[in-house]
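Colleague: Structure, please.
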Amino acid sequence: MALFDTDTISIESLKKLLQEKIPVKIVDIRSQENFDQWHIPGSELLPVNSALQETDDNIFIDIGFTSDLPVIVVCQEGFLSRKATEQLRDLDIEAYSLEGGIKHWTRVWNTAEMQVNDTKIVQVRRAGKGCLSYLIINNGEAAVIDAAVEPQTFIDLASDNQAQIKYVLDTHIHADHFSRSKQLAEQTGAQLFIPEQNILKYKFNPVRDGDQITIGKAILKALHTPGHTDESFSYLLNNKIFFSGDLLFLNGVGRPDLKSTNEVTRQKTAKLYRSLQKVLNLPEDTLVLPGHYHQPVSFNGNLIGETLKYLKEHLSLLHLDETTFINEILTDMPDTPPNYEQIVDLNIYGDVGNHDLVDLEAGENRCNSQK
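Modeller: From the prediction side, this is the model:
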């Protein structure tokens with residue numbers, strides 16, 4: 001019996017298949033380069049994109065493609081995958097084209113959870129982009145850090161846990177995605193906390209170094225950790241869990257910016273180094289929960305995070321002296337993607353206007369330096 005009675009599949013339906021672990025074969029027909037940048041967890045690369053454009057012949061006959069599982073075909077925007085699906089169905093293979101392609105997959109999210117004494121943490125992960133948000137729950141109260149998906153997601157998750165969202169926080173002014181924090185605060189009546197600066201054009205509660213927010217019986221402490229941006233903050237929960245924002249990742253550290261390696265960038269990189277030294281003085285059993293992940297997020301429910309001890313053992317950048325660190329970070333610094341500047345502009349006003357977020361947010365995040 002076929003999974004669906006159409007020849008296409010929505011991103012929501014594919015998300016459900018992955019969550020319920022229903023066996024399917026996901027075939028990505030894009031180029032190796034595009035696949036390496038971002039892909040759906042568990043997908044297989046079959047780079048026939050160009051061949052599909054150049055001929056109307058059934059290319060799957062020539063390569064001897066077979067599958068005993070339903071096939072989900074993925075391309076960039078969902079057009080060539082339809083042609084591939086038609087050819088696969090001509091071979092009596094149950095195949096479906098993913099609507100909107102990998103571009104629309106950036107909207108998909110999943111969750112992982114952990115319980116530490118009386119505090120619950122829900123990690124909300126954009127599977128197609130790697131942005132990580134957090135819902136912290138204690139004694140019926142909740143706080144959200146770096147809301148990167150639609151506000152209703154957090155509202156529903158809080159309701160499922162019999163909690164009310166009282167605080168919404170950002171770690172910094174984001175460039176790779178539109179922050180939903182302002183919208184979430186407005187819809188829930190929560191207090192909006194954003195690092196102190198004179199950039200944003202709307203009202204918020206300024207976060208200053210050492211500030212503490214009480215969530216039920218849990219204490220969230222704000223730590224100024226500039227470097228990725230001047231206003232970047234991280235948050236320490238109950239002196240045990242460190243929400244690092246874009247300062248520290250599981251495979252590297254935050255980039256000071258994505259522009260030219262000028263003296264300003266060098267100064268920012270020095271700030272980044274000093275912020276990391278502050279973090280390295282925390283207890284080694286501190287759990288680091290980053291603001292981004294560097295690869296497609298699986299639907300396995302496993303929390304993305306590592307202890308500070310683990311990161312010290314696996315990240316060579318954390319053991320360099322300041323001069324060497326700065327030189328390493330500034331090596332091969334790429335230019336800022338054009339959409340990043342547009343996203344920052346939207347975040348300054350907290351309003352998307354007429355912009356299409358699917359287009360603006362498409363693609364991987366480029367917030368880290370891997371060393």
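Colleague: Tell me if Asp345 really is in a helix.
Modeller: Yes: counting by DSSP: H, G, I helix; E, B strand; the rest coil, Asp345 is found in a helix.
Colleague: Show residues contacting stretch 9-17.
Modeller: 3-4, 24, 26, 40, 72, 96-100, 104-105, 107-108, 110, 127, 299 (Cβ atoms under 8 Å, 6 or more residues apart in numbering). In this view, the C-beta of every residue, glycine as well, is placed from N, C-alpha and C.
Colleague: Pull out the buried members of those residues.
Modeller: For the contacts of stretch 9-17, a neighbour count by 16 or more other Cβ atoms under 10 Å gives the buried set as 24, 26, 40, 72, 96-100, 104-105, 107-108, 110, 127, 299.
Colleague: Next step: the contacts of stretch 9-17 restricted to helices.
Modeller: Counting by DSSP state H, the part of those found in helices is His104, Trp105.
Colleague: Looking at the contacts of stretch 9-17, which are in strands?
Modeller: Among the contacts of stretch 9-17, the members found in strands (DSSP state E) are Ile26, Ile72, Tyr96, Ser97, Leu98, Asn110.
Colleague: pLDDT and distance to Ala185 added to these, as TSV?
Modeller: TSV is the format used below for the ones in strands among the contacts of stretch 9-17 (pLDDT from 0 to 100; distance: Cβ to Cβ, whole Å):
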residue	pLDDT	distance to Ala185
Ile26	98	37
Ile72	98	37
Tyr96	98	39
Ser97	98	38
Leu98	98	34
Asn110	97	24
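Colleague: Using the three-state scheme, assign the closest residue to Leu320 other than its chain neighbours.
Modeller: Leaving aside its chain neighbours, Leu320 sits nearest to Glu328 (6.4 Å; criterion: Cβ to Cβ, 6 or more residues apart in numbering). Classification of Glu328 using three-state DSSP returns helix.
Colleague: Glu328 contacts Leu317, correct?
Modeller: Yes: assessed by Cβ atoms under 8 Å, Glu328 is found in contact with Leu317 at 6.5 Å.
Colleague: Can you pick out the residue with more neighbours from those two?
Modeller: It is Leu317, of Glu328 and Leu317, that has more neighbours when counted by other Cβ atoms under 10 Å, with 19 against 16.
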